[in-house]
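Asker: give me the fold of what follows.
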Amino acid sequence: MAEDGRFHSKVYCRHCKVDTNHQILKKHTVHEDLDDRGEYYTTEDYMICQCMGCETVNFVKEYDEPSLHFYHPELEEWIDMEDIKVYPPKPLTDKYVNYPIKDYDHLPKLLKTLYQQVVANFEMKHYLLAAAGLRMIIEGLCNELSIEEGFLFDDETGNKKINGKTGSPVRSKSLEGRINGLSEAGVLTSTSSKVLHIIRNLGNQTVHELTDPKRSVILSGLEIVEHTFYNVYELKKYDVLSKKYSKKP
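Answerer: Have a look, this model is predicted:
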């Protein structure tokens, strides 16, 4: 995360009042394996840093989860869980951001309510609550479409997991399986399902560890559920019009 004692990203300096380059004076790293194979893990770096301009000292914490780094081809950018916090923090000068909420005529009431609340939290930069809300939207969408299960895939190979006893592909009623079930049913593309799996993991993590996700992850999740809402529910009105005007006079 650091090269030659210099922190890789500019962070806020309370004296300079802007983001500046910092030198790492002292660093302590906490590494946690989240599975038995050591492939899914997190690292947290706790650093005492010094501004390379005015030499003011501050504290920087960096959280990283390499297994969730993901390239989104449509956005042409990497989505990851890396998070940097500096103490004392940068003053909030733009607390509220406007997000163009979409209006859906045929969206079920519960999904519409969840969507509106996720957008409200996103606008207030409450990304932790927004992530939990997105996870609830995914579960609600599965319930509405009666998607009860789906195949499980190996993270390393991308192939379907195989039951060692029966030799058959493993299906699961977990949210992981149900998201794959959405893809199997043609509701989601494979790329969209991968992003929803990131949201699923975010939801799990926010509940257990209260980790604040990045804005780009929530934004990608919002865009995917909006696209899914449109395809699943709003295109119905065109079906109605098609039937109406296809009738012979």
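Asker: now do stretch 106-115: everything it contacts.
Answerer: For stretch 106-115, contacts defined as Cβ atoms under 8 Å, 6 or more residues apart in numbering pick out 101, 104, 133, 136-137, 140-141, 144, 225-226, 229, 233-234, 236-237. C-beta here means a position set from N, CA and C on the backbone, and glycine is covered the same way.
Asker: what is the nearest of those to Glu55?
Answerer: For the contacts of stretch 106-115, the closest approach to Glu55 (Cβ to Cβ) belongs to Gly133, at 42.8 Å.
Asker: re the thing from before, out of the contacts of stretch 106-115, which is most surrounded?
Answerer: Gly133 (27 neighbours; other Cβ atoms under 10 Å).
Asker: give the helix, strand or coil label for that residue.
Answerer: Per DSSP: H, G, I helix; E, B strand; the rest coil, the secondary structure class of Gly133 is helix.
Asker: per-residue confidence for it?
Answerer: As predicted, Gly133 sits at a pLDDT of 91.
Asker: quick check: it touching Asn121?
Answerer: Yes. Here Gly133 reaches Asn121: they are 6.4 Å apart, a contact under Cβ atoms under 8 Å.
Asker: now, which of the contacts of stretch 106-115 lie within helices?
Answerer: 133, 136-137, 140-141, 144, 225-226, 229, 236-237 (DSSP state H).
Asker: in CSV, list those residues along with distance to Thr43.
Answerer: Shown next, in CSV, are the ones in helices among the contacts of stretch 106-115 (distance: Cβ to Cβ, whole Å):
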residue, distance to Thr43
Gly133, 27
Met136, 29
Ile137, 30
Gly140, 34
Leu141, 33
Glu144, 38
Val225, 30
Glu226, 33
Phe229, 36
Lys236, 46
Lys237, 49
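Asker: ok, so of those, who is nearest Lys17?
Answerer: Gly133 (34.3 Å).
Asker: list the buried ones in stretch 9-26?
Answerer: 11-13, 20, 22-24 (16 or more other Cβ atoms under 10 Å).
Asker: tell me where the chain has strands.
Answerer: 2-3, 6-7, 11-13, 18-20, 22-33, 41-51, 57-64, 70-72, 77-79, 83-87, 150-151, 171-172 (DSSP state E).
Asker: quick one: closest of those strands to Ile179.
Answerer: The nearest among the strands of the chain, by Cβ to Cβ, is strand 150-151 at 6.9 Å.
Asker: roughly how far out does the closest one sit from the chain middle?
Answerer: For strand 150-151, the separation from the chain centroid amounts to 21 Å (computed by Cα atoms, centre = their mean, to the nearest Å).
Asker: so for that strand, mean pLDDT?
Answerer: Mean predicted confidence for strand 150-151 is 92.
Asker: and it, which strands flank it?
Answerer: According to DSSP bridges, strand 150-151 forms sheet pairs with strand 171-172 (antiparallel).
Asker: any stretches of this protein with poor pLDDT?
Answerer: Where the chain drops to pLDDT under 70, the residues are 1-4, 34-41, 66-82, 92-96, 202-212, 236-249.
Asker: tell me the one among the buried residues of stretch 9-26 nearest to Pro169.
Answerer: Taking Cβ to Cβ as the measure, Pro169 sits nearest to Val11 out of the buried residues of stretch 9-26, at 46.6 Å.
Asker: and the contacts of stretch 106-115, which is closest to Ser183?
Answerer: Relative to Ser183, the closest of the contacts of stretch 106-115 is Leu141; by Cβ to Cβ it sits at 12.4 Å.
Asker: I'm done for today, thanks for sticking with me.
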